[in-house]
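Chemist: sharing a sequence plus its predicted fold:
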Amino acid sequence: SLEQNFPNPFNSSTRLQFSIPSATHVKLSIHNVMGQKVKSLIDQQLAAGTHSVIWDATDDYGSPIANAVYLYTIQSEWGVRTKKMIVLK
């Protein structure tokens, strides 16, 4: 399951948390509303359980992102889940 990020809206960083029922390969990424990937946060095998990652509101190149609505998506053998978050600096 994919939880709502906290805090939301946020300015400098936010926590993304999710749970998986068994070990699997997980991809967690951030996209803008146009569907363009902004940041890849996780792309690896993970153990069963609850996991979290802090996103520092930067893109894959380390540059700060603009104020906007962003989507975060988790993909695994258990399916795809997406939620919305807002960056306000």
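Modeler: Thanks, I have the structure now. None of the values given here were measured: they were computed from a predicted structure.

Chemist: please tell me how far the closest residue to Ala23 other than its chain neighbours sits from Thr24.
Modeler: Distances taken as CB to CB, 6 or more residues apart in numbering put Ala47 closest to Ala23, at 5.2 Å, once the chain neighbours are dropped. Heads up, the C-betas are built off the backbone N, CA and C, glycines and all. Per CB to CB, to the nearest Å, Ala47 is found 9 Å from Thr24.

Chemist: the more surrounded of those two?
Modeler: More neighbours surround Thr24 than the other of Ala47 and Thr24, with 14 against 9 (other CB atoms under 10 Å).

Chemist: dump the residue contacts of the residue nearest the centre of the chain.
Modeler: Closest residue to the average C-alpha location of the chain: Tyr72 at 4.1 Å, with CA atoms, centre = their mean. Going by CB atoms under 8 Å, 6 or more residues apart in numbering, Tyr72 touches Leu2, Asn5, Leu16, Leu28, Ser29, Ile30, His31, Leu41, Trp55, Thr82, Lys83, Met85.

Chemist: if we use 7 Å, what do you get?
Modeler: Residues in contact with Tyr72 (CB atoms under 7 Å, 6 or more residues apart in numbering) are Asn5, Leu16, Leu28, Ile30, Thr82, Lys83, Met85.

Chemist: nearest residue to the residue sitting furthest away from the middle of the chain in space, please, no chain neighbours.
Modeler: The outermost residue of the chain relative to its centre, with distances by CA atoms, centre = their mean, is Ser22 at 19.5 Å. Nearest non-adjacent residue to Ser22, counting by CB to CB, 6+ apart: Ala48, 4.7 Å away.
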